[in-house]
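Trainee: I would like the atomic coordinates for the input below:
(one chain, ligands or ions: 1)
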Amino acid sequence: MPELPEVETIRRDLVGPLVGHSVSHLEVRDPRLVAPRGAALLERSLCGQKWQAIERKGKYLDVLLADGSHLIFHLRMTGQLVLRSWKAAQQGGILEKPLGSPYRMLLQFDHGFSLAFFDQRRFGEVFYLRPGRPWPGEKALGPDALNGLSREDFIARLKSKTTRVKPLLMDQHFLAGIGNIYAQEALFRAGIRPTRRAHRLTRSEADRLYDALHVTLLGAIKHRGSTSRNYRDALGHRGSAQDLHAVYRKGGQPCLRCGTTLRAIRLGGRGTVYCPVCQH
Ligand SMILES: [Zn+2]
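Mentor: Purely as a prediction, here's the structure:
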C-alpha cells in the first residue's frame, strides 16, 4: 500500500508535466469510482480548469484547480497513477502499456499528456470539491508526518497517548502518511519496540523516533518509494526503497545490526517485525 514516500514520489513526478495545464477530456470506466451522472458532472467541472498546484496531505494527493476547486486522489491498496504521452514515449521514459488491469479513469490534458488511474483491487478513491467546500476528511487527518509537525508537538502528542507506539504511528488521525512499512522501519532505526506504550517513551527515545521518522521517510523518497507488490511511480517504474528495509517482512532473518533473529508478531491486526536485542 502506498504510504507517504510513494505518494510524494508520484506528486513530484506529476508537478512538472501537469501543473499549468488543464484536462480536456475525462473518461471514467469504473462506475464504482464515479457514478455515470457524476462522471459527466466531473468532466464539466474539470475541463478547462488549469491545474495550479499538486499537494500532498498524508497519503492523499490534492490537486488545486484554477477556480479554487480540488481534485483529490487516494490510492489505498493498489492504486497507480501513470502519466502517458505518445511524444514522451518516443523520447523514452514514460510508460504506455496499462499495468495488468484496465484503467478505472483516464484524464486527457490539453498538451497531449494523459493520466491513467489503475487500481487492481478498486479500493482507491477520487473526489472533487467545489470551491470553498471543506474537505470532509481533513479535520480527521492528523498533521503530515513529514511537513506538518515540529519536534516539540510530536513529543507532546506522543506523551498524551497511552496506546502502543506502532499502531499509533499508523493512525492517520495521529499522524498522516505513515503505514505498516515505515512505522516498522522508523521504530527499528530509533531502537524502540513496536509494543511500547507511547506515553512511556523517554524524552530521548521520543527525540530519536522523531529523527528516525524523518530520516526513514526522506530516504524512501530519495529511492522513489518501496515496491513490495503493486506500487509504481507516475512513470510506471518500481521504486528501490525496499532495498533499504531492515525489518519489514524480514521476520526470521538475522538483524542487519546485531545478527539476532528478527521476531515477527501481530500488533493491531498487522504483521510487525522487530529485533529483540536492538529495540527496547
Ligand atoms: Zn539487532
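Trainee: what's stretch 271-280 in contact with?
Mentor: With C-beta atoms under 8 Å, 6 or more residues apart in numbering as the contact definition, stretch 271-280 has outside contacts at 166, 180, 184, 187-188, 191-194, 247-251, 255, 257-258, 260, 262-266. C-beta: built from backbone N, CA, C; applies to glycine.
Trainee: buried stuff in stretch 61-68?
Mentor: Residues of stretch 61-68 classed as buried by neighbour count (16 or more other C-beta atoms under 10 Å): Leu61, Asp62, Val63, Leu64, Leu65.
Trainee: how about the last one, what does it touch?
Mentor: Right, the one you point to is Leu65. Applying C-beta under 8 Å, 6+ apart to Leu65 gives the contacts Leu46, Gln49, Lys50, Trp51, Gln52, Leu71.
Trainee: now do 6 Å
Mentor: Each residue near Leu65 by C-beta atoms under 6 Å, 6 or more residues apart in numbering is listed here: Gln49.
Trainee: Please list the residues of this protein that sit near the ion.
Mentor: For the chain, the residues found near the ion under the criterion C-beta under 5 Å from the ion are Cys255, Arg257, Cys258, Thr260, Cys275, Val277, Cys278.
Trainee: re earlier: so which of the buried residues of stretch 61-68 are in strands?
Mentor: When the buried residues of stretch 61-68 are checked against strands using DSSP state E, the ones located there are Leu61, Asp62, Val63, Leu64, Leu65.
Trainee: so what's the residue in the stretch 101-250 of the chain positioned nearest to the ion scoring on pLDDT?
Mentor: Ranking the residues of the stretch 101-250 of the chain by distance to the ion (C-beta to the ion) places Phe188 first, at 8.2 Å. The predicted structure scores Phe188 at 98 on the pLDDT scale.
Trainee: One more: Arg12?
Mentor: What the model reports as pLDDT for Arg12 is 97.
Trainee: Where does it sit, in terms of helix or strand?
Mentor: Arg12 is part of helix 4-18, with elements assigned from DSSP states H and E.
Trainee: Asp153 now?
Mentor: helix 151-159.
Trainee: Show me what that helix is packed up against.
Mentor: Contact analysis of helix 151-159 by 3 or more C-beta pairs under 6 Å, 6 or more residues apart in numbering; DSSP states H and E lists helix 203-222 as its packing neighbours.
Trainee: gap between the helix it packs on and the chain center?
Mentor: 17 Å (C-alpha atoms, centre = their mean, to the nearest Å).
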